[in-house]
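**Q** Fold the following and give me the result.
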Amino acid sequence: MRCCKCIDGKKAGKELTEKPKFILSVLLLWNFGLLIVDHIHFQYNGFLFGLMLLSIARLFQKRHLEGAFLFAVLLHFKHIYLYVAPAYGIYLLRSYCFTANKPDGSIQWNSFSSVRLISLGLIVFLVSALSLGPFLALNQLPQVFSRLFPFKRGLCHAYWAPNFWALYNTLDKVLSVIGLKLKLLDPNKIPKASMTSGLVQQFQHTVLPSVTPLATLICTLIAILPSIFCLWFKPQGPRGFLRCLVLCALSSFMFGWHVHEKAVLLAILPMSLLSVGKAGDASIFLILTTAGHYSLFPLLFTAPELPIKILLMLLFTIYSISSLKTLFRKEKPLFNWMETFYLLGLGPLEVFCEFVFPFTSWKLTYSFIPLLLTSAYCAVGITYAWFRLYVSVLTDLTVSKTKKQ
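**A** Modelled structure (predicted):
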């Protein structure tokens, strides 16, 4: 509720009117993905997202030290939040450690406060010491880090997260099938560890170059850098920080090593805060959340859960689209024909995966097809939302620069 009170589409610190505030409350509290992950799939992370949202609210309120403390605690609860740490670090350094800016928004280097930097450093150090100190004393830190960063578990999870590597794996699979049909590949030379075996393990791609952890790290850094660059050189206040945070979360989800499908919530929930501010952000949010939530369907795979997950997602999606369309009814339509066609395509995809494919002869030979189609189709939507958000950020910077000139 703190976020609802302090986040405004036009000016940080100005409260939302009642209608957007109510919509945002529903989008956060009734989030379909968080509901099934925390209360059906038994991944109790709701309070962690609560800490993240509270930390964001504190930064909007210019209570920087409280926001930094909450995020430090959050990071030591679960290391996945390391994805958005660059946004926090750059924003706190830019907006808190530099006490004054020039009229054009650039930094006054003589206004740097070493006391504030030391204060932030002490907060991070003390939280880290309390969290990792016992492991250090018992000489267990190497074991802790090996569990936090399982590079031996392979590029993708058993069910591919809908990101760039899902599209990469799908292309490799298609090319390998074509190669076998045309007898361009030797079946005996195809790697035994299959991407579609359902096992968590390392594997080699058949046609395309195999991907290493270093390659994913480089891709992730390249994807994050433009948003960090914009946050530092062209700051737009707390709202600019929030957009950078979402881009960091999405970029890490898109290109990270062994990403879990549930990690998409790390971008969806903070994107909810942006959705009630601008029509463009609302459109991106709806595409991201619909594709991201549908990608969680395979987590609930038993027959009794099927009507539950379909009904819950329909309720949340219909409310999200209708409420945001009403909120921005004076703006242009939230979706173009291509985006509408893509979102409607989720219906036939679900019908095929749940009601058609189980009765085909492919079920025994190609049992991985429903998961592959779900992952690849959702990856297209999430990639599109990520790209649109980046274009929006860069366009806003260009417009603001033109107005100043």
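
**Q** show me the contacts for the residue nearest to the spatial centre of the chain.
**A** Residue closest to the mean C-alpha point of the chain, counted by C-alpha atoms, centre = their mean, is residue 267 at 3.2 Å. With contact taken as C-beta atoms under 8 Å, 6 or more residues apart in numbering, residue 267 is in contact with 246, 249-250, 253, 288, 292. Using the backbone N, CA and C atoms, a C-beta is placed for each residue, glycine as well.

**Q** Just the pLDDT at residue 403, thanks.
**A** pLDDT, residue 403: 51.

**Q** now residue 264
**A** 95.

**Q** ok now the lengthiest helix in the chain, how far from the chain's centre?
**A** Ranked by residue count, the top helix of the chain under DSSP state H comes out as helix 369-404. Centre-to-centre, helix 369-404 and its host chain are 12 Å apart (C-alpha atoms, centre = their mean, to the nearest Å).

**Q** do the same with stretch 123-139
**A** Its chain's C-alpha centre and that of stretch 123-139 lie 28 Å apart, by C-alpha atoms, centre = their mean.

**Q** ok, now stretch 328-344?
**A** 22 Å.

**Q** when you give positions from now on, start the count at 13
**A** Sure, I'll start numbering at 13, so the last one becomes stretch 340-356.

**Q** which residues touch it?
**A** Under C-beta under 8 Å, 6+ apart, the answer for stretch 340-356 is 291, 294-295, 298-299, 302, 333, 336-337, 392-393, 396.

**Q** which parts of it are buried?
**A** By 16 or more other C-beta atoms under 10 Å, the buried positions in stretch 340-356 come out as 340, 346-347, 351, 354-355.

**Q** Whichever strand or helix holds residue 360 - contacts with which helices or strands?
**A** Here residue 360 sits within helix 358-363, counting by DSSP states H and E. In terms of contacts (3 or more C-beta pairs under 8 Å, 6 or more residues apart in numbering; DSSP states H and E), helix 358-363 is packed against helix 291-306, helix 381-416.

**Q** Now it: average pLDDT?
**A** So the average pLDDT for helix 358-363 ends up being 96.

**Q** Now do that helix: distance to the chain's middle.
**A** So, by C-alpha atoms, centre = their mean, the centroid of helix 358-363 is 23 Å from its chain's centroid.

**Q** Following the chain onward from that helix, which element is next?
**A** Using DSSP H and E, the helix or strand that follows helix 358-363 in sequence is helix 374-377.

**Q** and that next one, how far from the chain's centre?
**A** On the basis of C-alpha atoms, centre = their mean, helix 374-377 sits 33 Å off its chain's mean C-alpha point.

**Q** Contacts for it, please.
**A** With C-beta under 8 Å, 6+ apart, helix 374-377 has contacts from 369, 381.

**Q** and it, average pLDDT?
**A** Mean pLDDT, helix 374-377: 82.

**Q** export that helix as CSV, just CAs?
**A** C-alpha atoms of helix 374-377 as CSV (Å, rounded to 0.1, in the frame of the first residue of the first chain):
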residue,chain,number,x,y,z
TRP,A,374,3.0,-37.6,-31.1
LYS,A,375,2.4,-37.9,-27.3
LEU,A,376,4.8,-40.8,-26.8
THR,A,377,7.5,-39.8,-29.3
